[in-house]
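Engineer: Provided below are the primary sequence and the corresponding predicted coordinates.
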Amino acid sequence: WLRDQPLLNIILDNCFEQVFIKDLSSTLIYANRNLARHYGLKEVDQILGKSDFDFYSYEHAEATRQEESDIMQSGEPLLAKLYSETWPRGDETWNLCSKLPLRNSGGEIIGLIGFGRDITKDKSREKLIWQQSNYDALTGLPNRNYFVGNLNSTVNESNTDHRYTLLALDIDRFKAFNDSYGHGCGDAILIYVAQCINNKVSNQEIVVRVGSDEFLLLIDNQKNRTNIVDLAIKIRSDIQKPFFYQNQQYDITCCIGAAEFPSDALNATDLMKFTEQALYRAKQLGDNQFIFYSPEMTTASIRRQTLIADLKQAVADDQIEVVFQPIISCDSEKLFSVEALARWQHPSYGQISPDEFIHIAEEIGIIGQLDERVFHKAIDAAKKWQSLIDPLPVFSVNVSAHSLKTGEDSSSDIINLLSNLNH
């Protein structure tokens, strides 16, 4: 009867929705052109008198037949259900469909009417967004966003009888490769390292890239540490093989830190934190190192974070003291020069070694300020001593090579201070 309604047919054939009507046996008795296009057909007449068994897989068709039978028996509609189908040609489509019981004028159910919409493009965009949010475009590995959720579910749902080992791997001197040979070389190294890691683990293990040159591996380890040590050695050995980029050989090494569940950590957050602490310790020891986490690393990490925060304040508040070490001439046995030395008395940790706090100052980018303050104090002392000591000894002040190398403003400030020394 719908085919006898020209205006209604025009409206239904030109709407964005797929519209169809089925009888009590789920046979199609009406369809619009949008549904025909969904099935890859040109004419609506090619659909009529057929059922889902003529278009979909048996499992799909049987599920919808039972579903539609329930709708027509209960009188309850089915709203906005998502259907997916992989077609013989290999492509996958997604349809969002609502089905409602169809009643005659007497209220008797005589079939059902359905409204569907192809949302395959929406699903493709959604998949692309998910892919970009959860995978690294360069290496094809999952990223930190993917890994954190996976680690939480894996570790937090496991009992303490199940063992996992998390390894963090960092490429040695990666920044130097990037700076010296360009990002093309750096990208090639990252792809190479990712392949080396993947070649040594099974499909059940999770490998992710979480930072510029850092990778994480979650190993389901039901045996002992020997397996992890063997794996780390194999990965390092593979990475150390000759690597060529644009006909030039590069020597690649890496550091690896590891922590274990449940012996080191009982949750995902601590497991990641302790693994990072182990990696940091491995890098402190030099290139190509591998080390397991130990509780002492947490103590060292807390101390380090405290010193970082307090050193910034100490430099800003001019709390760094300068002492002068005399240098006596062996010939005249007289004062020849003095060396200005920076000293820091921490309120909790006491006297901090210059080797420790100067290294931290370089890392956090305040070494220029520190150098400048030491110079100020050395020059102030030299001015005071001019009237007390004759001849005035030579003043030696150590300047961080890091400051001079990076061209910080402090180097020019120091030159200005020296030029004003005789005024």
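Structural biologist: Yep, that arrived.

Engineer: Could you report the neighbour count for the residue lying closest to residue 185 once chain neighbours are set aside?
Structural biologist: Nearest non-adjacent residue to residue 185, counting by CB to CB, 6 or more residues apart in numbering: residue 245, 5.2 Å away. Backbone N, C-alpha and C define where each C-beta goes, glycine included. When neighbours are defined as other CB atoms under 10 Å, residue 245 has 17 of them.

Engineer: Next one: residue 245, what pLDDT does it get?
Structural biologist: Listed pLDDT for residue 245 reads 93.

Engineer: can you check the one 4 residues further on too?
Structural biologist: Reading off the confidence values, residue 249 has pLDDT 94.

Engineer: does the residue nearest to residue 185 really touch residue 187, like I thought?
Structural biologist: No: using CB atoms under 8 Å, residue 245 makes no contact with residue 187, being 9.5 Å away.

Engineer: Pull the contacting residues for the residue nearest to residue 185.
Structural biologist: Neighbour list for residue 245: 181, 184, 185, 188, 189 [criterion: CB atoms under 8 Å, 6 or more residues apart in numbering].

Engineer: I'd like to know which of the residues you listed are buried.
Structural biologist: Using 16 or more other CB atoms under 10 Å as the burial test, the contacts of residue 245 include 181, 185, 188, 189 as buried.

Engineer: Name the spans of the protein whose pLDDT lies under the cut-off.
Structural biologist: 1-9, 222-223, 402-423 (pLDDT under 70).

Engineer: which residues in it form helices?
Structural biologist: Secondary structure of the chain (DSSP state H): helices located at 6-14, 33-38, 58-74, 120-134, 144-156, 174-181, 183-199, 225-239, 268-285, 295-316, 354-364, 367-385, 401-406, 409-419.

Engineer: want to throw those into TSV with distance to residue 163?
Structural biologist: TSV is the format used below for the helices of the chain (distance: least, CB to CB, whole Å):
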stretch	distance to residue 163
helix 6-14	62
helix 33-38	50
helix 58-74	39
helix 120-134	26
helix 144-156	11
helix 174-181	31
helix 183-199	20
helix 225-239	10
helix 268-285	12
helix 295-316	18
helix 354-364	35
helix 367-385	43
helix 401-406	42
helix 409-419	51
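
Engineer: Name the stretch among the ones you listed that sits most buried.
Structural biologist: The highest mean neighbour count among the helices of the chain, using mean count of other CB atoms under 10 Å, belongs to helix 268-285: a mean of 20.

Engineer: What is that one packed up against?
Structural biologist: Counting contacts by 3 or more CB pairs under 8 Å, 6 or more residues apart in numbering; DSSP states H and E, helix 268-285 packs against helix 144-156, strand 164-171, strand 214-220, strand 254-261, strand 290-292, helix 295-316.

Engineer: Next, the angle from the second one to helix 144-156.
Structural biologist: Looking back up the chat, that one is strand 164-171. Inter-element angle recorded for strand 164-171 and helix 144-156: 150 degrees (by axes from the mean of the first three to the mean of the last three CA atoms, to 10 degrees).

Engineer: Other residues contacting strand 164-171?
Structural biologist: Against strand 164-171 from outside (CB under 8 Å, 6+ apart): 151, 154-155, 158, 177, 189-190, 193, 197, 213-221, 225, 228, 231-232, 235, 252-261, 271-272, 275-276, 278-279, 283.

Engineer: Mind doing that once more with 6 Å?
Structural biologist: For strand 164-171, contacts defined as CB atoms under 6 Å, 6 or more residues apart in numbering pick out 213-219, 221, 228, 254-261, 271, 275-276, 279.

Engineer: How far off centre is stretch 116-131?
Structural biologist: 24 Å (CA atoms, centre = their mean, to the nearest Å).

Engineer: Can you show me the CA trace of that stretch as CSV?
Structural biologist: The C-alpha trace of stretch 116-131 is given here as CSV (Å, rounded to 0.1, in the frame of the first residue of the first chain):
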residue,chain,number,x,y,z
GLY,A,116,18.5,2.5,10.3
ARG,A,117,21.5,4.8,9.7
ASP,A,118,24.9,3.8,8.3
ILE,A,119,27.5,5.2,10.8
THR,A,120,30.5,3.5,9.3
LYS,A,121,32.2,6.8,8.6
ASP,A,122,31.6,7.9,12.1
LYS,A,123,33.0,4.6,13.4
SER,A,124,36.0,5.0,11.1
ARG,A,125,36.7,8.5,12.5
GLU,A,126,36.2,7.2,16.0
LYS,A,127,38.7,4.4,15.4
LEU,A,128,41.2,6.8,13.9
ILE,A,129,40.9,9.1,16.9
TRP,A,130,41.3,6.1,19.2
GLN,A,131,44.3,5.0,17.2
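
Engineer: what's in contact with that stretch?
Structural biologist: By CB under 6 Å, 6+ apart, stretch 116-131 touches 17, 18, 38, 93, 94, 95, 96, 97.

Engineer: same thing but at 8 Å, please
Structural biologist: Here stretch 116-131 makes contact (CB under 8 Å, 6+ apart) with 16-20, 35, 38, 82, 92-98.

Engineer: And for stretch 249-256?
Structural biologist: Outside stretch 249-256, the residues that reach it (CB under 8 Å, 6+ apart) are 167-172, 177, 181, 185, 189, 192-193, 232, 235-236, 239-240, 242-244, 279, 282-283, 285, 287-291.

Engineer: Same question for stretch 209-221.
Structural biologist: 136, 138-139, 141-144, 147, 150-151, 154, 162-171, 174-175, 190, 193-194, 197, 201, 204-208, 227-228, 231, 260, 272, 275, 279.
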